[in-house]
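[1] Give me coordinates for this.
(2 chains)
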Number of protein chains: 2
Amino acid sequence: MTPVVVHDPTLRDGQHAVRHQLGVAALRGYAEAADAAGVPVVEVGHGNGLGASSMQVGRAAVSDDLMLSTVREALRRSKMGVFMLPGWGTSSDLRKAIAHGADVIRIGVHCTETSLAERHLGWLAEQGAEGHCVLMMSHMASAAELASHAAAAVGYGARAVGLMDSAGFFLPQDVTSRIGAIVAAVDVPVIFHGHNNLGMAVANSVAAAQAGARIIDGCARGFGAGAGNTQLEVLVPVLERTGFSTGIDLYGLLDAADFAERELMPAPPTTGTLSIVSGLAGVFSGFKHQVLDASTRAGVDPRDVFFELGRRQAIAGQEDLIVDVVAELGRTAV
Amino acid sequence: MTPVVVHDPTLRDGQHAVRHQLGVAALRGYAEAADAAGVPVVEVGHGNGLGASSMQVGRAAVSDDLMLSTVREALRRSKMGVFMLPGWGTSSDLRKAIAHGADVIRIGVHCTETSLAERHLGWLAEQGAEGHCVLMMSHMASAAELASHAAAAVGYGARAVGLMDSAGFFLPQDVTSRIGAIVAAVDVPVIFHGHNNLGMAVANSVAAAQAGARIIDGCARGFGAGAGNTQLEVLVPVLERTGFSTGIDLYGLLDAADFAERELMPAPPTTGTLSIVSGLAGVFSGFKHQVLDASTRAGVDPRDVFFELGRRQAIAGQEDLIVDVVAELGRTAV
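    Now for the predicted structure:
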């Protein structure tokens, strides 16, 4: 059995599904349950990471300070993880996280913009902290480009590096080639983080492990925006059956999932038709509400808008493109 | 692109999720939407097939006659499919289905009991009807056994034969070997029907197609008991991206899925922890309510009961085993 470290961002990425409104009791209860099951890393925070709570993307119900101290207190065996997007969070947020006892600090960047993480990864390395780097929207770059960016991140000081399939676009063969290229290019553990838009989150995660990834993400009950993340309590026994050891107790993990279903979410994610379209189009599913609003006003099919955004390689932060695409499709329709 | 026939049992297998209570308007509306999308086969009936509506497994809201005439009227391009379990249904039910214009008649048997289908498949062949045979709970037999039973079914007159992963136990490599063995053993199209207990329904279906299966099942929104069936509107575009042509219009299919979510089900299926356990244990998930009831009364963990039922190779119809296992586990616990 090859060991794999399962990294659990239920209390961070899952927050997107509830507009970052998880309360202290929910954070504590889930962290205790995951810790009891032996989940290696429990990540916590605003959905967009440290320092991101704001009018623009939504204020979290609980401050970063209180989230970190709550989860730190709840964990006995598990490491505490945090996530940060440079620009949304800053060095002072990293300092704060370390002061609160964060063990694993992930820096997320668009897959071709690793240099944005240079300063933070370097600073974390200087502190002796465990800084990881994840390349987001990773279907938008080739295996060779990803390998080169992953190597750059390691050069900046990352102790692990890998891919987020932010749009839920990948099929297993896509993961195999990309993770394989990164594994060949770096000498640190490689990360994979899947989304379920095409029903492939677990299969993609297994493909990643088989290609050499050694840190795999999963969220309880698939908690996350849209079609959700890789379902943690499915991922773990499937990895075990496929020849990977996680060190996680199955019944404890199922208990944590039951807690999550009961206490964290109004309902577990399912794959709605617009999530499928955004996955097929390779577009960030966070665009959904804006696409729906603009399409409805203009009388165009939101599915056409998603596919056109995909052709234009739209990425998060380029919400203005939605308005342009809707306007153009509206004119064509007339 | 290799052509694959997508077979849609939303209005039959999905019925399990709503205790066979789909009404005429829902049946008609979904059949029209699937037909408009170009879905090749629309299967309809009580969840347990022709003639199964009864006090024991639940009475359907609509009679077989009315289900068949309603769907027949709604279909212009799609074929109409029916399903029958010998013993639950009889020859007179088959005659009735043909009189109503059923184009594809599937006979389901436990994977090692193909001989139970001999008479019905023979009779269908004599009528010139398209009789198919599906081997249920197919994880309980080896690839060689399945191939031998599949060949027997073809000998009886089946014009297509294949596997149901009734417990949702398979991982893609399991499907590859079993479907491959059947493809090598018969000269008729091979069928695969998946369930999503381990999040693998779509990945398993793709593996089946890659191993040579040419009829693949999927239900709109994954409609079905427990963790649900292969999600049809995810399956189709993923098959297309993997090199298989289905002839189905994507937007029409997404519209049918939206109709199904709105009109057929209280909520789309998700993978609860007991569905995962029944999948891992290889036990028919229809046991769930009885296992929960008996376990609660006896104060034993229902997950232990599922795993023990799996070790004893329990199959549908052997519900008495649940009582035995719960009693034994209860004694051990004291």
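[2] make it CA atoms for all contacts and neighbour counts henceforth
    Will do.
[3] secondary structure class for residue A:170?
    Three-state assignment for residue A:170 (DSSP: H, G, I helix; E, B strand; the rest coil): coil.
[4] In stretch A:234-241, which of the residues would be classed as buried?
    Buried residues in stretch A:234-241, defined by neighbour count with 16 or more other C-alpha atoms under 10 Å in any protein chain shown: A:234-240.
[5] Report the backbone C-alpha coordinates of that stretch in CSV.
    Only the C-alpha atoms of stretch A:234-241 are listed here, as CSV (Å, rounded to 0.1, in the frame of the first residue of the first chain):
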residue,chain,number,x,y,z
VAL,A,234,-16.0,8.1,-0.9
LEU,A,235,-12.5,9.0,-1.9
VAL,A,236,-10.8,7.4,1.1
PRO,A,237,-12.3,3.8,0.8
VAL,A,238,-11.8,3.9,-3.0
LEU,A,239,-8.2,4.9,-2.6
GLU,A,240,-7.7,2.1,0.0
ARG,A,241,-9.3,-0.4,-2.4
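[6] how about it against chain B, any contact?
    Yes - against chain B, stretch A:234-241 shows contacts by C-alpha under 8 Å from any C-alpha of the partner chain at A:234, A:237-238.
[7] Quick one: distance of that stretch to the chain centre.
    Computed by C-alpha atoms, centre = their mean, to the nearest Å, the separation of stretch A:234-241 from the middle of its chain amounts to 19 Å.
[8] what's it in contact with?
    A:6, A:202, A:205-206, A:218, A:245-246, A:248, A:250, B:198-199, B:276, B:280 (C-alpha atoms under 8 Å, 6 or more residues apart in numbering or on different chains).
[9] okay if I get the residues you listed as a markdown table plus secondary structure, distance to residue B:113 and pLDDT?
    Converted to a markdown table, these look like this (DSSP: H, G, I helix; E, B strand; the rest coil; distance: C-alpha to C-alpha, whole Å; pLDDT from 0 to 100):
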| residue | secondary structure | distance to residue B:113 | pLDDT |
| --- | --- | --- | --- |
| A:6 | strand | 42 | 98 |
| A:202 | helix | 33 | 98 |
| A:205 | helix | 36 | 98 |
| A:206 | helix | 34 | 98 |
| A:218 | coil | 40 | 98 |
| A:245 | strand | 37 | 98 |
| A:246 | coil | 39 | 98 |
| A:248 | coil | 39 | 98 |
| A:250 | helix | 34 | 98 |
| B:198 | coil | 26 | 98 |
| B:199 | coil | 28 | 97 |
| B:276 | helix | 27 | 97 |
| B:280 | helix | 23 | 97 |
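[10] how many other residues sit next to residue A:55?
    Residue A:55 has 8 neighbours, counted by other C-alpha atoms under 10 Å in any protein chain shown.
[11] Check the gap between it and residue B:144 for me.
    From residue A:55 over to residue B:144 the distance is 62 Å, taken as C-alpha to C-alpha, to the nearest Å.
[12] How about residue A:216?
    35 Å.
[13] okay, the two: which has more neighbours?
    More crowded of residue A:216 and residue B:144, by other C-alpha under 10 Å: residue A:216, with 27 against 14.
[14] So is the helix or strand hosting that one next to chain B?
    In this assignment (DSSP states H and E), residue A:216 forms part of strand A:215-217. No - contact of strand A:215-217 with chain B (C-alpha under 8 Å from any C-alpha) is absent, the minimum separation being 15.1 Å.
[15] in its sheet, what does that strand sit against?
    Here strand A:215-217 has these sheet partners by DSSP bridges: strand A:5-11 (parallel), strand A:190-193 (parallel).
[16] Using TSV, lay out those together with mean neighbour count and distance to residue B:180.
    Output for those, formatted as TSV (neighbours: other C-alpha atoms under 10 Å in any protein chain shown; distance: least, C-alpha to C-alpha, whole Å):
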stretch	mean neighbour count	distance to residue B:180
strand A:5-11	27	33
strand A:190-193	28	30
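[17] quick one: which of these is nearest residue A:79?
    strand A:5-11 (9.4 Å; C-alpha to C-alpha).
[18] and which of the buried residues of stretch A:234-241 is nearest residue A:168?
    Distance to residue A:168, by C-alpha to C-alpha, is smallest for residue A:235 among the buried residues of stretch A:234-241, at 16.0 Å.
[19] Kindly report the residues of chain A close to chain B.
    A:198-203, A:221, A:233-234, A:237-238, A:254, A:257-258, A:268-273, A:276, A:280.
[20] Of those residues, which belong to strands?
    Here DSSP state E is the test, and those give no hits in strands at all.
[21] Show me these that map onto helices.
    Mapping the residues of chain A next to chain B onto helices (DSSP state H) picks out A:201-203, A:233-234, A:237-238, A:254, A:257-258, A:273, A:276, A:280.
[22] Count the neighbours of residue A:146 for me.
    Residue A:146 has 25 neighbouring residues, counting by other C-alpha under 10 Å.
[23] just the one 3 residues further on next, same as before
    Applying other C-alpha under 10 Å, we find 23 other residues in the vicinity of residue A:149.
[24] quick one: contacts for it?
    Counting by C-alpha under 8 Å, 6+ apart, residue A:149 has contacts A:111-114.
[25] Counting only helices, which of these make the cut?
    Going by DSSP H, the helices hold none of these.
[26] just those residues now: which is nearest chain B?
    Nearest to chain B, judged by C-alpha to the nearest C-alpha, of the contacts of residue A:149 is residue A:111 at 23.1 Å.
[27] Quick check: closest non-adjacent residue to the closest one.
    Excluding the flanking residues, the one nearest residue A:111 by C-alpha to C-alpha, 6 or more residues apart in numbering or on different chains is residue A:135, at 4.3 Å.
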